[in-house]
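Student: Sequence plus the predicted model coming up.
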Amino acid sequence: MSLYEDALYQFNKAIGVLNVPEGYAEILRRPKRSLIVEFPVVMDDGSIKVFTGFRVQHNTVRGPAKGGIRYHPDTTLDEVKALAFWMTWKTAVMNLPYGGAKGGIKVDPKKLSKKELEKLSRRYFSEIQIIIGPQNDIPAPDVNTNPDVMAWFMDTYSMNVGYTSLGVVTGKPVNLGGSEGRKEATGRGVKVCVERACKDVGIEPSKATIAVQGFGNVGQFSALLSQKELGSKIVAVSDSKGGIFNSRGLDIEALIEHKKKFGRVDSFSDGEKLSREDIFSIEADILIPAALENSITTENVNHVKAKAIVEGANGPLTPEADEILKTKGVLVVPDILANAGGVTVSYFEWVQDLQAFFWKIDQIRENLEMMMNEAYTETREIAKEHDVDMRTAAYILAINRVLYALEKRGLYP
């Protein structure tokens, strides 16, 4: 199955429980708008290259579309459609006044100079601006994009409309309309779900062992905050080049510095070197997949020894792997709940930009953790009420909220 078909499979399971009329179900399955842009960029050597970009708005019945923009050589329309689809349900699980969107450019940004990256970013944003705006569609960072790219996006939009529009994107630098706490937000949300998952499977968070697959922003902050604030022991970490294991627990702050300096974790001195795949077979209570989609498949799912999986990445489990874990009794905290911390603090940033009044870091952390805990509790209660897994429960919660808005608004004309 394609990634979009995987996403629909998860959705259809929840639809079956809810008995949603097929007409409404079909509205909720399909993206509202898919934009493909082909645009030229003048490279540093004077040559011209044409790049392909995407922006998909899945649903806007509850508010403006919201979702990140990624730069990756394997980005496809199917992938972006799936990610936009998930954003609709992620924002609804958190009860944010948003719909779902996603964007991307098919490019390897590591092969571009900073000047070329800026040109690429500005031209792409100009091309998609016809469907972008603070009350229409608000992009954010994703894979291989960061606050600098968001600043270019914001400036490009502002130059085109003739005034500074801070609220057009989130994830900006803090001194340029960004929010305190945004960098750690997804990892902090994962940390909240790790704490709740530990309790659900009968483990004290301070005694839990954790393995983290993927050591970018989400993996780093998930590991760091679980270690510092929960007292959990991070025994294994992997990235795209390999992994590192230490049964006594890794020093995550030191490992982050090592990753920054050397670009990999498997050369860290205080541990045993692992292959990328070894991370799934580590003896750990909690596994946090925080890399790309479809990391856990039928080929490696039976190696998983964790009691709970907290999905830091989007779609890290294939549907087949998900079913196998369910039969094994492994608790899976789904992506549309577990990694929703990022979009929640993006919402805080958007609100602050519109109000031109900015919050302190403690207020942001407190509000984020409160909202994550509320969403987890609501999802857990639905799981018990309907005797379903946490993923299906999260979809039930989200679909009910979107469906209510759709029914109340009606179909125009």
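Tutor: Cool, got the structure. Numbers count the residues shown, from 1 in each chain.

Student: what about dumping the CA coordinates of stretch 355-363 to CSV?
Tutor: Listed next in CSV are the C-alpha coordinates belonging to stretch 355-363 (Å, rounded to 0.1, in the frame of the first residue of the first chain):
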residue,chain,number,x,y,z
GLN,A,355,-2.4,39.3,19.3
ALA,A,356,1.1,40.8,19.2
PHE,A,357,1.4,39.6,22.8
PHE,A,358,4.0,37.0,23.6
TRP,A,359,4.0,34.4,26.4
LYS,A,360,6.8,33.2,28.8
ILE,A,361,8.3,29.8,28.4
ASP,A,362,6.7,28.4,31.6
GLN,A,363,3.2,29.4,30.4
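
Student: So what touches that stretch?
Tutor: Outside stretch 355-363, the residues within contact range by C-beta atoms under 8 Å, 6 or more residues apart in numbering are 179-181, 348, 352. The C-beta positions use only the backbone N, C-alpha and C, and glycine is treated the same way.

Student: Include distance to Ile382 when you put the residues you listed into JSON lines, please.
Tutor: What follows is the contacts of stretch 355-363, written out as JSON lines (distance: C-beta to C-beta, whole Å):
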{"residue": "Ser179", "distance to Ile382": "30"}
{"residue": "Glu180", "distance to Ile382": "32"}
{"residue": "Gly181", "distance to Ile382": "28"}
{"residue": "Phe348", "distance to Ile382": "25"}
{"residue": "Gln352", "distance to Ile382": "31"}
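
Student: Between which two of these is the distance greatest?
Tutor: Gly181 and Gln352 (11.0 Å; C-beta to C-beta).

Student: what residue ranges in this structure score low on pLDDT?
Tutor: Scanning the chain for pLDDT under 70 picks out nothing.

Student: for it, longest strand please?
Tutor: strand 48-59 (DSSP state E).

Student: From the chain's centroid, how far away is that one?
Tutor: 19 Å (C-alpha atoms, centre = their mean, to the nearest Å).

Student: which neighbours does the helix or strand that comes right after it have in its sheet, and in what orientation?
Tutor: Heading C-terminal from strand 48-59, the first helix or strand you meet, by DSSP states H and E, is strand 65-72. Using DSSP bridges, the strands paired with strand 65-72 are strand 99-106 (parallel), strand 137-141 (parallel).

Student: now strand 65-72, how far from the centre of its chain.
Tutor: That offset, for strand 65-72, works out to 10 Å (C-alpha atoms, centre = their mean).

Student: Would you indicate which residues of the following helix or strand past that strand are buried?
Tutor: Using DSSP H and E, the helix or strand that follows strand 65-72 in sequence is helix 77-93. Neighbour counts using 16 or more other C-beta atoms under 10 Å place 77, 79-93 of helix 77-93 among the buried residues.

Student: And for stretch 20-34?
Tutor: Neighbour count says stretch 20-34 has 20, 24-25, 27-29, 31-32 buried, by 16+ other C-beta under 10 Å.

Student: Likewise for stretch 40-50?
Tutor: Val41.

Student: Using CSV, write down the CA coordinates of it.
Tutor: Written as CSV, here are the backbone C-alpha positions of stretch 40-50 (Å, rounded to 0.1, in the frame of the first residue of the first chain):
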residue,chain,number,x,y,z
PRO,A,40,13.1,27.3,-11.8
VAL,A,41,16.0,28.3,-9.6
VAL,A,42,19.2,29.9,-10.8
MET,A,43,22.1,28.0,-9.2
ASP,A,44,25.4,29.4,-8.0
ASP,A,45,27.1,28.3,-11.2
GLY,A,46,24.6,30.2,-13.4
SER,A,47,22.7,27.0,-14.5
ILE,A,48,18.9,26.7,-14.1
LYS,A,49,17.3,23.8,-12.4
VAL,A,50,13.6,23.1,-12.2
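
Student: Just the residues contacting that stretch, thanks.
Tutor: 38-39, 51, 113, 115-116, 119-120, 123.

Student: And for stretch 242-252?
Tutor: So stretch 242-252 is in contact with 220, 223-224, 227-228, 233-238, 255, 264-266, 268, 270-276, 278-279, 282, going by C-beta under 8 Å, 6+ apart.

Student: picking that back up, neighbouring strands - and their directions - for the longest strand of the chain?
Tutor: Strand pairing (DSSP bridges) places strand 48-59 next to strand 33-42 (antiparallel), strand 99-106 (antiparallel).

Student: Against Leu337, how distant is Ala211?
Tutor: 20 Å (C-beta to C-beta, to the nearest Å).

Student: Relative to Asn19, how far out is Arg409?
Tutor: Arg409 is 21 Å from Asn19, by C-beta to C-beta.

Student: Those two: which has the busier surroundings?
Tutor: Neighbours of Arg409 and Asn19, each counted by other C-beta atoms under 10 Å, are more numerous for Arg409; the result is 10 against 7.

Student: Excluding chain neighbours, what is closest to that one?
Tutor: Val61 (6.1 Å; C-beta to C-beta, 6 or more residues apart in numbering).

Student: Asn373: helix or strand, and which one exactly?
Tutor: helix 361-386.

Student: Not counting its own residues, what contacts the next helix or strand after that helix?
Tutor: Downstream of helix 361-386, the first helix or strand assigned by DSSP H and E is helix 390-409. Applying C-beta under 8 Å, 6+ apart, the external contacts of helix 390-409 come out as 10-11, 13-15, 17-18, 20, 24, 27-28, 59, 61-62, 88-90, 92-93, 95, 322, 331-334, 336-337, 375, 378-380, 382-383, 386, 388.
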